[in-house]
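Visitor: from the sequence below, what's the structure:
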Amino acid sequence: FVGDLEGTITVWNVRPEVMEQTTTLRGHEDWVTALLVDTRNNCLLSGSLDSTIRVWDLGDYSCRHVVNDHERYVNSLGIDDDRGLLFSGSSDGTVRVWDAARLSKTGEGCLHVLTHSKGCGTLTVRGHLFTSGPSKT
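Guide: Predicted coordinates:
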């Protein structure tokens, strides 16, 4: 999966002998800034500068849900498969913690809103949540 500056996501079939584009997902109104495959819930999640998270079905590539909970850019997505939690980091100064299964099924399921100084640029999950953002200078 490759997100671009026009808000589209290109789906590629990648094999050792050939790479071929299979389809294009359209829906975001601005740059796609984050992509995450959730194999447990059979979906692709995408974050964008349009402040939305989209949940895409991995079977037919339809858009299941558009999530509008963030007030500014969605910069990063992360998942903790062991706990079934998804994380979204935004320029609105929050990291939202989601029930991954509920989000994939209903487009809802925010469990916690964590504040992050001036905004969350990147995040990763490895037993703990690690985030980055602009410094307070």
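Visitor: distance of Thr24 from Ser91?
Guide: 26 Å (C-beta to C-beta, to the nearest Å). C-beta coordinates here come from the backbone N, C-alpha and C atoms, glycine included.
Visitor: isn't Cys110 right next to Val95, touching?
Guide: No: under the criterion of C-beta atoms under 8 Å, Cys110 is not in contact with Val95, lying 10.8 Å apart.
Visitor: against Gly109, how distant is the nearest residue to Glu29 once chain neighbours are set aside?
Guide: Counting by C-beta to C-beta, 6 or more residues apart in numbering, Asp50 is the residue found nearest to Glu29 once chain neighbours are left out, at 4.2 Å. To Gly109, Asp50 is 20 Å away according to C-beta to C-beta.
Visitor: and if you look at Asp30?
Guide: 24 Å.
Visitor: neighbour count winner among these two?
Guide: For Asp30 and Gly109, the more surrounded residue by other C-beta atoms under 10 Å is Gly109, and the numbers stand at 18 against 14.
Visitor: which helix or which strand is home to Leu114?
Guide: According to DSSP states H and E, Leu114 maps onto strand 110-115.
Visitor: run the chain-centre distance for that strand.
Guide: Distance, stretch centre to chain centre, for strand 110-115: 15 Å (C-alpha atoms, centre = their mean, to the nearest Å).
Visitor: quick one: strands adjacent to it?
Guide: strand 94-99 (antiparallel) (DSSP bridges).
Visitor: which is the next helix or strand following the partner strand?
Guide: helix 100-106.
Visitor: give me the contacts around that next one.
Guide: 38, 40-43, 45, 55, 64-65, 67, 79, 84-86, 108-109 (C-beta atoms under 8 Å, 6 or more residues apart in numbering).
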